[in-house]
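Visitor: my questions are about this predicted structure, shown below with the sequence.
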Amino acid sequence: MKKLHILLMISFLLVLSSCANNGIEDPLNYEVSDFSYVNQDGEAFTLEDLKGKIWIADMIFTNCDTVCPPMTAHMAKLQAMVKEEGLDVEFVSFSVDPEVDTPEMLKEYGEKFEADFTNWHLLTGYSQEDIKEFAKDSFAAIAEKPKNQDQVLHVINFYLVDQNGTVLKEYNGVENTPYDQIIADIKKIQ
């Protein structure tokens, strides 16, 4: 009887541990730092606005002439696919060149990619140092603007963030973006 009790307890703990990550294999479990920034419409946008919602995040800037255009095109495609699936997901793009990227510039940039701003928020309104620290603390990511440069070194990942502001997974946002895997992972945490 004691062995059965131990076996049941182990089974229960295994079930609990699998529920903790909602079926996401090897979750990153980074906690997104609190923030209050400005979106493409010049309106305040905070972490609190995302509470209880699943979201996909990335880091881009409007003057980028290498990885940002394909990343943004892939994010727009993912947004359309998620909409087709009937999933409730927010999209958040953090500018890594906030001292250049105004809300107006971000809006114009998003429009080039046919972004649906009802659930895609392009954010700015902070210093270069702020985004550098935010990227490192929240996503274990780099966002570094070398002195006397107009380009920014930054990650090319999309990040899946759960309803509690926990980063669960990252995906390549430039090449071979795994749209179907991202959608499957979103469905796991709904």
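Guide: Happy to help now that I have it.
Visitor: make it CA atoms for all contacts and neighbour counts henceforth
Guide: Will do.
Visitor: how close does the residue nearest to residue 38 when sequence neighbours are not counted get to residue 125?
Guide: Taking CA to CA, 6 or more residues apart in numbering, and ignoring the residues beside it in sequence, residue 38 has residue 44 as its nearest neighbour in space, at 4.5 Å. Noted for residue 44: a distance of 9 Å to residue 125, by CA to CA, to the nearest Å.
Visitor: partner strands of the helix or strand where residue 58 lies and their direction?
Guide: Assignment of secondary structure by DSSP states H and E places residue 58 within strand 54-60. Taking DSSP bridges as the criterion, strand 54-60 sits next to strand 89-95 (parallel), strand 157-161 (antiparallel) in its sheet.
Visitor: who are the contact partners of the residue nearest the centre of the chain?
Guide: Among the residues of the chain, residue 57 comes closest to the average C-alpha position under CA atoms, centre = their mean, at 1.6 Å. Residue 57 makes contact with 91, 92, 93, 94, 158, 159, 160, 161 under the criterion CA atoms under 8 Å, 6 or more residues apart in numbering.
Visitor: bridged to the third one, which residues?
Guide: Which is residue 93. Per DSSP bridges, residues listed as beta-bridge partners of residue 93: residue 58, residue 122.
Visitor: alright, calling it a day.
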